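**Student:** Turn this into a structure:
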Amino acid sequence: MAISKTKRRSRSALALLVLGTLTISTACSTAGKKTDASNPAAKAAAKQTVAIGTAADSKGPDPAVPGAKSGGAVTVLQHSDFSHLDPARVWSSTNQTADLLLTRQLTSYQQVGDTTKLVGDLATDTGSSPDGKTWTYHLKDGLKYEDGSPITAQDVKYGIERTFQKELSGGPQYLQMWLTGKDDYSGVYSGPWNGQDLPAIQTPDAKTIVFHLASMHADFPFALAMQSYSPVPKAKDTKTAFDQHPFSSGPYKIDSHDIDKGMVLSRNPYWDPNTDPVRHAYPDQWRFEFGAQEVDINQRLMAANGPDRTAMTFKVSIGADLAGQVNSDPNLKARLVNQVTPFSEFFNINTRRITDVKVRQALLDAFPRQQVRQLFGGPVYGDFTTTILSPVTNGYQDYDLYGVATTGDPDKAKALLAQTSNPHPTIVFAYSDDPTWQQAAVAVSQALDKAGFDVVTKPISSKNYYDETQKVDNQFDLYWGGWGPDWPSASSVIPPLFDGRQISDGGGNNSLFNDSGVNAEIDRIQGLTDLSQQDAAWGALDKKIMQSAPVIPWVDLRQVSLYGPGLGGVHTGFIGTCYPLDVYVK
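**Tutor:** All right, here's what the predicted structure looks like:
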């Protein structure tokens, strides 16, 4: 998934994963504690395991958060309203976070302390399949919507069918492609609004649903955990109006939604915690306020006056301007979420325009990573990285192939350029035309000039940045990018970013990297059935790709956010935002 600065796109044929353990590395720290990707020891100590849970793990209720109690109201301060709440259209991290309160899925993630498991949510377990193509799920007893009507297998089928409707764009396309076997799935099935049925999903009774995939995808249980694949009863489908007021299957329902101003959620009285192994519903109410500037939100959270004592934010981070003040005040630091997220940022090198690998390596050596990070907030913005995969991705291995100095090494870059046919190449650096990136462009230009590059800076309007840099025929040499896995698997990172067969306008492979050996290795890894072998192979391929230097790794992003002193249970989740399902009012 492209990070939340852009539409999240991630299309990949995912590798075989049968019942077992999904090993990932995380750098999720406790409040106030941070790790840095430049510190290998810190990274090595941060390893965790995400397991595929059993049927017993899939039973509710979710284990209690120590010290938590029910009652009270939480205020969520956000700069903007949610662009989408209709599950079919939800893909950005903030939208997904809101839908955690309103929706349920066949599978989901149970987070208990430092342990995370994929478990059955609506389903009794994470599914069964004889071949990775046909998947069967059985719904639990006692599942109900906000009006007390039962959640059925037919509702799950209909909710997934809705994602095919062109009017409901914006969400992920995994199941649409896997069920039809086509990237252009709309030619096979266009959605249910005109009465069409999708025969690839069968519901022999109200509690059984069977998926017939076009090819093997044993990662299928993970895909089902995405909010886009939530149940929707046909009779409650208000089509495009559903976006502002979805019908709740989760622990809360919408009482009111004043677009761009505020939203109030109260308990769904028919949600039964005994059926739900992944959600708590401690607060009586969630009150959202939209429209404030981020600096004002942070100032309110610092002051924590009145209702702001029990306020938080899903996504707003403190910046460099406040980091010093927060970290020097023990009371503020004690209520700070400071955790690494799944999202990584890097700089694409256009490999079709810069074909000499030594020139690409020289760019990597000369790039002023520290100076640019400082402009975006310094250490609170993210941890320096030297790898493609982030520490929260299956297959991650820590390495530093080039021994890169965070401040850049112009002399090392000059030595590389001296070995090429053109020791003073022209580089077009494209950037989003806003104040921070304007300053970053100056820092990048000056650093590359010192190494012998002739830098041409090319500002692009913020509105058009992604459209321009994600064109296959773009005329730029160096430009920012970002990505994160949709679930903890390297197979949702490396193929969309570096499989040359996936190069397309608007796609993820924005370095236009196409190496036949890498493409073949991707196919080989995706055919492995042993998870430990697969993990090792993705990590090795990460390093092999970096030998060609198609990108300049930069940072693994951090979520650094304040919350009010009247709240407990605030931390980040796999989505990379402040996670609401463990929050309680003290």
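
**Student:** if I pick residue 128, what's in contact with it?
**Tutor:** For residue 128, the contacting residues are 135-136, by Cβ atoms under 8 Å, 6 or more residues apart in numbering. In this view, the C-beta of every residue, glycine as well, is placed from N, C-alpha and C.

**Student:** Okay, and the beta partners of the nearest residue to residue 73 once chain neighbours are set aside?
**Tutor:** Of all residues not flanking residue 73 in the chain, residue 285 sits nearest, at 4.1 Å (Cβ to Cβ, 6 or more residues apart in numbering). For residue 285, the beta-bridge partners under DSSP bridges are residue 73, residue 266.

**Student:** begin at 3 from here
**Tutor:** Got it, first residue is 3 now, which makes that one residue 287.

**Student:** any idea how far residue 287 is from residue 254?
**Tutor:** 8 Å (Cβ to Cβ, to the nearest Å).

**Student:** what sits in contact with each of the two?
**Tutor:** 267-269.

**Student:** what about this protein, any weak spots by pLDDT?
**Tutor:** For the chain, the stretches with pLDDT under 70 are 3-51, 531-534.

**Student:** State the number of residues packed around residue 264.
**Tutor:** Using other Cβ atoms under 10 Å, residue 264 has 17 other residues around it.

**Student:** Next, it: phi, psi?
**Tutor:** Here is the backbone geometry of residue 264 (degrees, to the nearest 10): phi -170, psi 170.

**Student:** can I assume it is in contact with residue 291?
**Tutor:** Yes. Counting by Cβ atoms under 8 Å, residue 264 does reach residue 291; the two are 5.4 Å apart.

**Student:** quick one: contacts for residue 514?
**Tutor:** So residue 514 contacts 352-354, 474, 505 (Cβ under 8 Å, 6+ apart).

**Student:** what about 6 Å?
**Tutor:** 352-354, 505 (Cβ atoms under 6 Å, 6 or more residues apart in numbering).

**Student:** Drop anything exposed from those.
**Tutor:** 352-353, 505 (16 or more other Cβ atoms under 10 Å).

**Student:** Go through those residues and say which is closest to residue 550.
**Tutor:** Comparing these against residue 550 with Cβ to Cβ places residue 353 closest, at 7.6 Å.

**Student:** contacting residues for that closest one?
**Tutor:** 513-515, 552.

**Student:** what's around residue 184, how many residues?
**Tutor:** Using other Cβ under 10 Å: residue 184 sits among 14 other residues.

**Student:** And it, its phi and psi?
**Tutor:** According to degrees, to the nearest 10, residue 184 has phi -130, psi 140.

**Student:** That one and residue 506: what is the separation?
**Tutor:** Note on residue 184: its distance to residue 506, by Cβ to Cβ, is 15 Å.

**Student:** Then residue 322?
**Tutor:** 37 Å.

**Student:** host element of residue 159?
**Tutor:** Assessed by DSSP states H and E, residue 159 sits inside helix 155-164.

**Student:** ok, back up a step: export the buried ones among the contacts of residue 514 to a markdown table and tack on secondary structure?
**Tutor:** Shown next, in a markdown table, are the buried ones among the contacts of residue 514 (DSSP: H, G, I helix; E, B strand; the rest coil):
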| residue | secondary structure |
| --- | --- |
| 352 | coil |
| 353 | coil |
| 505 | coil |
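
**Student:** any chance of those residues in a markdown table, with distance to residue 575 too?
**Tutor:** Converted to a markdown table, the buried ones among the contacts of residue 514 look like this (distance: Cβ to Cβ, whole Å):
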| residue | distance to residue 575 |
| --- | --- |
| 352 | 35 |
| 353 | 35 |
| 505 | 32 |
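
**Student:** Specify which member of the residues you listed is nearest to residue 328.
**Tutor:** Taking Cβ to Cβ as the measure, residue 352 is the one of the buried ones among the contacts of residue 514 closest to residue 328, at 39.0 Å.

**Student:** was I right about the closest one contacting residue 479?
**Tutor:** Yes. Using Cβ atoms under 6 Å, residue 352 makes contact with residue 479 at a distance of 5.1 Å.

**Student:** What are the buried residues along stretch 340-358?
**Tutor:** Within stretch 340-358, the residues that count as buried by 16+ other Cβ under 10 Å are 340-353, 356, 358.

**Student:** One more: stretch 475-485?
**Tutor:** Buried residues in stretch 475-485, counted by 16+ other Cβ under 10 Å: 476, 478-485.

**Student:** Stretch 368-382 too?
**Tutor:** Buried residues in stretch 368-382, counting neighbours by 16+ other Cβ under 10 Å, are found at 368-379, 381-382.

**Student:** on that earlier part again, now flag whichever of the buried ones among the contacts of residue 514 is closest to residue 193.
**Tutor:** residue 505 (28.4 Å).

**Student:** Nearest spatial neighbour of the closest one, chain-adjacent residues omitted?
**Tutor:** Among residues not flanking residue 505 along the chain, residue 511 sits closest, at 4.9 Å (Cβ to Cβ, 6+ apart).

**Student:** that older thread, looking at the shared contacts of residue 287 and residue 254, which is nearest residue 456?
**Tutor:** For the shared contacts of residue 287 and residue 254, the minimum distance to residue 456 (Cβ to Cβ) is 55.5 Å, reached by residue 267.

**Student:** who's in contact with residue 270?
**Tutor:** Applying Cβ under 6 Å, 6+ apart, one finds that residue 270 lies in contact with 148, 250, 253-255.

**Student:** Sitting in strands, which of those do you find?
**Tutor:** In strands, defined here by DSSP state E, the members of the contacts of residue 270 are 254-255.

**Student:** Switch the contacts of residue 270 over to a markdown table; also include distance to residue 404 and neighbour count.
**Tutor:** Output for these, formatted as a markdown table (distance: Cβ to Cβ, whole Å; neighbours: other Cβ atoms under 10 Å):
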| residue | distance to residue 404 | neighbour count |
| --- | --- | --- |
| 148 | 55 | 22 |
| 250 | 50 | 24 |
| 253 | 48 | 25 |
| 254 | 49 | 25 |
| 255 | 53 | 22 |
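
**Student:** Quick check: the two most widely separated of the contacts of residue 270?
**Tutor:** The largest separation in these, counting by Cβ to Cβ, is between 148 and 253 at 10.0 Å.

**Student:** can you list contacts of the helix holding residue 159?
**Tutor:** For helix 155-164, contacts defined as Cβ under 6 Å, 6+ apart pick out 90, 141, 170, 177, 194, 200, 203, 205, 208-211, 231-236.
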